[in-house]
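In: return a 3D structure for these sequence lines:
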Amino acid sequence: METACYCTSLRVAMRRMTAIYDRALEPAGITVAQWALLRRIPSSGDEPITIQDLAERAELERSTVARNLRVLEKSGLVKMGTSSADRRATDIVLTEKAERVAAHAMPLWHNAQAEVERMLTVEGAGELRSLALSVSTAESSSS
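Out: Numbers count the residues shown, from 1 in each chain. You can find the predicted model right below:
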């Protein structure tokens, strides 16, 4: 059903887009939402990130990130512990298992990217990304 509402149209498109990426990443055992977080978390040998920093990087609510991190921790993909810099904060790093999953997921993600480019054309997909980023830029500059 068509609608003149920009938000409704974007939500429908996002559900469809999410399904493409979730299907593509399924063999790696992760969803696109998990992939988006995993890509922002440092490797085990690097300086850890806090939940708050990750939430800011991902532009998500802290509670949403914390909830998703518990799932990733249960799956053995992240290690969480008390921050040495601030005992009230939680540090997060990827596990070796996460690094193996990410290596498996990367070509799958590229396949999803290619599928979107086939659907929209490379130029159309680039335009979509530019428009999406301009919304996020416009929103953050108006706050």
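
In: got the phi/psi numbers for residue 93?
Out: phi -140, psi 160 (degrees, to the nearest 10).

In: give me the neighbour count for it.
Out: When neighbours are counted by other C-beta atoms under 10 Å, residue 93 registers 18. For glycine as for every other residue, the C-beta is placed from the backbone atoms N, C-alpha and C.

In: distance of it relative to residue 75?
Out: Computed as C-beta to C-beta, to the nearest Å, the residue 93 to residue 75 distance reads 15 Å.

In: next: residue 24.
Out: From residue 24 to residue 75 the distance is 18 Å (C-beta to C-beta).

In: these two: who's more crowded?
Out: residue 24 (22 against 15).

In: can you name the next helix or strand after the helix or strand where the more buried one lies?
Out: With secondary structure defined by DSSP states H and E, residue 24 is part of helix 6-25. Scanning forward in sequence from helix 6-25 by DSSP H and E, the next helix or strand is helix 32-38.
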